[in-house]
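> output the structure for:
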Amino acid sequence: MCVSFLRDQSSQVSVASDPQGFKRQEALWELFTSECFYFLDQLMVLKEVFLATLTNLQMRNCLTDVDSWRLFANLNELCLVSFGFLNNLLCVIKDTLEITEGGGPTLLELLNKAFQESICHCLQKYCLNYSTALLYLDSLKPREDFGSYVKWCERNEQCRRLQLRDLLVVPLQRLTRYPLLLRNIAKRYQTEDETRGLQAIAEQVDTSICDLEGKVKWLDNYQKVKQLRDALVWLPVWERDKRAFVPENLKHLLKAVTLENLISHRSLLHEGKLVLTENTKLIDVYLFLFDEFLLITKIKRNKKVRRPLVLPPQNLELDQLLKEGCTFMVLDQPVSLDRLQLKNIDQLNASTSGLPHSFIIMHQNRYQQCIGAFILQAASESAKRVWMSKIEGAVMALLKLDSQQPRVKSSSLWLESSQI
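The predicted structure follows:
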């Protein structure tokens with residue numbers, strides 16, 4: 001009834017000779033009604049239908065192993081923040097329509113406080129868990145008991161035929177819509193201060209979205225690198241180089257290079273399967289291009305071991321290899337990007353040598369002497385161009401970064417194989 005009353009009051013303003021004021025109220029009304037729909041028909045459905053049902057089942061010793069946080073994250077907090085925002089926005093609308101006496105915060109003060117202190121922070125927390133929630137949901141779906149719970153909830157008329165996955169994505173969509181709604185309101189205000197203030201709030205939300213994208217990328221990279229650390233195998237020097245002889249009683253004196261130091265603080269830029277030409281033989285290899293070096297590895301299959309996959313679905317080939325429990329044996333040593341030379345093999349030479357879609361990676365030491373050469377063959381010419389472009393881009397980015405802020409050559413933070 002309150003909403004109907006406000007709509008009637010708002011329609012009376014349209015009769016007045018203030019078209020700009022009417023458009024301003026229309027924009028404000030759009031923010032209010034869309035927030036009502038978001039809160040009542042989406043957040044509360046997730047909470048009252050799905051989360052509450054799961055909680056009740058767990059109190060009756062059903063689905064007790066299902067982690068509600070991994071599925072719904074801070075859903076209760078989202079509901080409280082949205083409800084509080086709606087109440088405060090309703091007061092501002094009443095003041096605007098002169099239904100109540102003034103004295104409360106202005107629209108600008110309310111929006112600035114809400115987005116700066118609660119809305120963006122709360123939505124970021126939820127969105128960071130979103131990809132994990134989807135993976136967790138997919139892992140639970142094969143279970144008959146969990147499947148029955150989801151189907152029962154989705155048949156509830158409040159869901160309006162929406163599935164759980166459809167509702168889980170709603171807060172992400174709401175966050176991206178806020179800047180549009182805020183800019184629409186800003187266009188309608190007459191004073192420059194109010195317009196500037198509303199534009200600043202919209203930019204603040206945009207910044208929050210960009211910051212969230214960066215955090216999501218970092219989190220995805222962290223999860224992928226964490227799982228790769230368990231799958232990568234770095235052989236000791238006496239196994240990598242047969243000429244190296246170390247007596248058994250002295251091997252403990254050689255400090256092992258740990259993959260923790262090697263990849264934990266790196267960003268994985270690209271990866272994929274290629275073919276390495278080695279002693280007239282063709283060997284399947286898997287390359288990992290990090291922001292500071294390139295790893296060339298041999299795939300070792302072990303079908304007896306299957307790892308639980310916790311990575312966000314990006315590269316299906318890598319996901320499948322990790323799921324099968326494959327390990328990746330590091331060949332030679334990391335090729336530092338500032339010591340890497342990339343050579344294309346043109347089609348004429350490729351045809352003559354029988355190496356189509358190939359290129360050469362040369363590993364140089366700090367004296368520009370070649371200490372390693374790898375002839376790699378891609379599945380197609382387009383795949384080869386992608387690899388060469390990715391490597392060249394990574395090399396240029398690293399050299400540019402080095403020119404601005406040289407890296408500290410610390411044994412704990414930086415392993416530079418080119419110092420040989």
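> all contacts plus neighbour counts: C-alpha atoms, from now on.
Fine.
> looking at Leu6 now. What's its pLDDT?
Leu6 is assigned a predicted lDDT (pLDDT) of 49.
> now swap in Asn365 and tell me
We have a pLDDT of 88 for Asn365.
> cool, and Trp414?
43.
> now the residue most central in space within the chain. Nearest residue, chain neighbours left out?
Central residue of the chain (CA atoms, centre = their mean): Val216, 3.1 Å from the mean position. Spatial nearest neighbour of Val216, excluding adjacent residues (CA to CA, 6 or more residues apart in numbering): Leu128 at 6.0 Å.
> would the one you found count as being in a helix?
Yes - Leu128 forms part of a helix when assessed by DSSP: H, G, I helix; E, B strand; the rest coil.
> which residues touch it?
Residues near Leu128 by CA atoms under 8 Å, 6 or more residues apart in numbering: 212, 215-216.
> name the SS class of the residue nearest to the centre of the chain, please.
Per three-state DSSP, Val216 ends up helix.
> so where do the strands sit in the protein?
232-233, 268-278, 281-290, 293-300, 327-330, 335-336, 340-344, 358-364, 370-377 (DSSP state E).
> in its sheet, what does the longest one sit against?
Counting by DSSP bridges, the strands paired with strand 268-278 are strand 281-290 (antiparallel), strand 370-377 (antiparallel).
> repeat that for the first one.
Strand 232-233 has these partner strands in its sheet, going by DSSP bridges: strand 327-330 (parallel).
> can you check the fourth one too?
Based on DSSP bridges, the strands next to strand 293-300 in the sheet, each with its direction, are strand 281-290 (antiparallel), strand 327-330 (antiparallel), strand 335-336 (antiparallel).
> so for it, mean pLDDT?
Computed over strand 293-300, the average pLDDT equals 92.
> dump it to CSV, keeping only the CA atoms.
Taking C-alpha atoms only, strand 293-300 is exported to CSV below (Å, rounded to 0.1, in the frame of the first residue of the first chain):
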residue,chain,number,x,y,z
PHE,A,293,59.6,-17.0,-17.0
LEU,A,294,58.5,-19.9,-19.2
LEU,A,295,58.3,-23.4,-18.0
ILE,A,296,58.5,-26.3,-20.5
THR,A,297,57.3,-29.6,-18.9
LYS,A,298,56.7,-33.2,-19.9
ILE,A,299,53.3,-34.6,-19.1
LYS,A,300,53.4,-37.7,-16.9
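> quick one, it and strand 340-344 angle?
70 degrees (axes from the mean of the first three to the mean of the last three CA atoms, to 10 degrees).
> and for the last one?
In this structure, strand 370-377 runs at an angle of 40 degrees to strand 340-344, with the same axes, to 10 degrees as the basis.
> buried stuff in strand 370-377?
375-377 (16 or more other CA atoms under 10 Å).
> circling back: let me have the strands of the chain in a markdown table, extended by distance to Glu35.
Shown next, in a markdown table, are the strands of the chain (distance: least, CA to CA, whole Å):
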| stretch | distance to Glu35 |
| --- | --- |
| strand 232-233 | 48 |
| strand 268-278 | 38 |
| strand 281-290 | 42 |
| strand 293-300 | 48 |
| strand 327-330 | 49 |
| strand 335-336 | 51 |
| strand 340-344 | 54 |
| strand 358-364 | 55 |
| strand 370-377 | 54 |
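> many thanks, we can stop here.
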